[in-house]
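In: the sequence and its predicted three-dimensional model are supplied below.
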Amino acid sequence: MAVTAGSAGPVHEALAALPLVDHHCHPVVSTDLDRPGFEALISEGGAWPGSGISTFDSPAGVAVRRHCAPVLGLPRHAPADVYLARRTELGAPEVNRRLLAAAWADVFCVDTGFVPDHATTPAELAAAAGGQARAYEVVRLENVAEAVAARGVEPGEYGAVFRAAAQEAVRRPGVLAVKSVAAYRTGFDLDPARPSEAEVARAAARWTAGGGRRLDDPVLVRHLLWTAVDLGLPLQLHAGFGDNDLRLHRADPALLTDWLHRTAGTIPVLLLHCWPYQRQAAYLAAVFARVYLDVGLTLHHVGPGRARAILAEALEITPFRKLLYSSDAYGVAEFHHLGAVAFRSGLAGLLQDRVDTDELSLADALRIARWAGRHNAQRVYGLTDDDREA
């Protein structure tokens, strides 16, 4: 059973006892990290050597020392140097094992398109979590496109070759979804129409003439998104907060509205992370039948103390079958644990208060907790038939 911050009441107890489905995460580093390496991985901005600023002095850094230190056998709020020394003493495999087990997720949907050095495979990540944990793969479509360009494809053939390569990628065992980082490459303020073959060929000629390394052509990104629709698998879309490669104002998911109208009734679209646009994402989930959201990544950066406020905004109008859990943990297993702690405590506090003020029955609150922590993801990704959960 997981341990949550400030556990009190039946909803807290139920969420603490619920193994989570982490529907979007990344591999963790399997070797020991020095201080600069660790600090770089606990901030979306990376480490800032020479600045006099430590990323431990951030909400995420403080949360690591508060909530991860006890898992490694240290007092709460252990100093950063003590924490890192203990990490080295235990060794990366044991650190990963302890923190992943403490997170108590038994399903991991792993984005394999952006991995740190010396990273775990999805299977290794699940094995480190212990028990009956399982891992599945999420294929990042930009990687597929860039691999096609690296093969020297003719521009007029790019569209068909990319489609074939994407189809081959999703046939790999264990693949259950695809992902796009269009928010990083072009932003979402794109023409929503499917591009013609001639448009794709002209764009491919421009892109490959420039080296074809980073897919940031608006026509080809549109083609990628429409190819995702044709593949028929759930599509994960990064939205909102990310590293400094992102232009945040272009990552507002509301900019996808026209495209969502055109693709309504096709594939599930899962909006990842979303902060500070969780309310815009909630609107889209409320008005489009196949749009879902999470606030992963956000929760371990704001810490458990603010997780409830973020979840409250995400759930203001979101249908309860539309919220999913993700950690978006990358590089360090600390973020797997922090994401789970923040989600459990934040959602439990929110729901328990609604029970206490008679806005929800306890039965409803417990059902919503199970849906968000586990069953919504199972249903979207076809992992189990949970429609009997009423």
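Out: That came through fine. Numbering: from 1, shown residues only.
In: residues of the helix or strand harbouring Pro93 that come out buried?
Out: According to DSSP states H and E, Pro93 maps onto helix 92-103. Across helix 92-103, burial judged by 16 or more other Cβ atoms under 10 Å covers 92, 95-103. From N, CA and C alone the C-beta is placed, and that goes for glycine too.
In: same deal with stretch 210-218?
Out: In terms of neighbour count (16+ other Cβ under 10 Å), stretch 210-218 has its buried residues at 212, 215, 217-218.
In: ok so, going back, could the buried residues of helix 92-103 go into CSV alongside distance to Val62 and pLDDT?
Out: Below are those laid out as CSV (distance: Cβ to Cβ, whole Å; pLDDT from 0 to 100):
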residue, distance to Val62, pLDDT
Ala92, 22, 96
Val95, 19, 98
Asn96, 22, 97
Arg97, 24, 97
Arg98, 20, 98
Leu99, 17, 98
Leu100, 21, 97
Ala101, 23, 97
Ala102, 18, 97
Ala103, 19, 97
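In: show me what contacts the closest residue to Ala80 other than its chain neighbours?
Out: Sequence neighbours aside, Phe56 is the residue nearest to Ala80 in space, at 4.3 Å (criterion: Cβ to Cβ, 6 or more residues apart in numbering). Phe56 makes contacts with 39, 42, 62, 64-65, 80, as judged by Cβ atoms under 8 Å, 6 or more residues apart in numbering.
In: counting by contacts, list what the helix or strand encompassing Glu39 packs against.
Out: Counting by DSSP H and E, the element that carries Glu39 is helix 35-41. On a contact count with 3 or more Cβ pairs under 8 Å, 6 or more residues apart in numbering; DSSP states H and E, helix 35-41 meets helix 80-90.
In: same for the helix it packs on, what does it pack against?
Out: For helix 80-90, the packing partners by 3+ Cβ pairs under 8 Å, 6+ apart are helix 35-41.
In: what's around Ala127, how many residues?
Out: By other Cβ atoms under 10 Å, 16 other residues sit near Ala127.
In: same thing with Ala209?
Out: Residues within reach of Ala209, counting by other Cβ under 10 Å, total 9.
In: do the same with Gly174
Out: Other residues near Gly174 come to 12 when the count uses other Cβ under 10 Å.
In: isn't it right up against Pro122?
Out: Yes: using Cβ atoms under 8 Å, Gly174 is in contact with Pro122, at 7.0 Å.
In: which residues are in contact with both of the two?
Out: The contact sets of Gly174 and Pro122 overlap at 135-137 (Cβ under 8 Å, 6+ apart).
In: give me the low-pLDDT residue ranges for the stretch 101-250 of the chain?
Out: Scanning the stretch 101-250 of the chain for pLDDT under 70 picks out nothing.
In: just the strands from it, written as ranges.
Out: Remark: strands assigned in the stretch 101-250 of the chain by DSSP state E, counting those that start in this stretch are 105-111, 134-140, 175-180, 235-239.
In: show me what the first one is packed against.
Out: Packed against strand 105-111 by the contact rule (3+ Cβ pairs under 8 Å, 6+ apart) you find strand 20-25, helix 122-129, strand 134-140, strand 175-180, helix 376-381.
In: between the buried residues of helix 92-103, which is closest to Ala312?
Out: Ala103 (22.5 Å; Cβ to Cβ).
In: what about that closest one, distance to Val181?
Out: 24 Å (Cβ to Cβ, to the nearest Å).
In: same question, Leu190
Out: 13 Å.
In: neighbour-wise, which of the two wins?
Out: Remark: of Leu190 and Val181, Val181 carries more neighbours, 25 against 19, as counted by other Cβ under 10 Å.
In: partner residues bridging the residue nearest to that one when sequence neighbours are not counted?
Out: With Cβ to Cβ, 6+ apart as the criterion, Val181 has its nearest non-adjacent residue at 5.1 Å, and that residue is His238. Beta bridges link His238 to Leu272, judged by DSSP bridges.
In: my read: His238 touches Phe188, true?
Out: No: judged on Cβ under 8 Å, His238 makes no contact with Phe188 at a distance of 10.1 Å.
In: okay, and the common contacts of those two?
Out: Common neighbours of His238 and Phe188, using Cβ under 8 Å, 6+ apart, are 182, 251.
In: cheers, nothing more for now.
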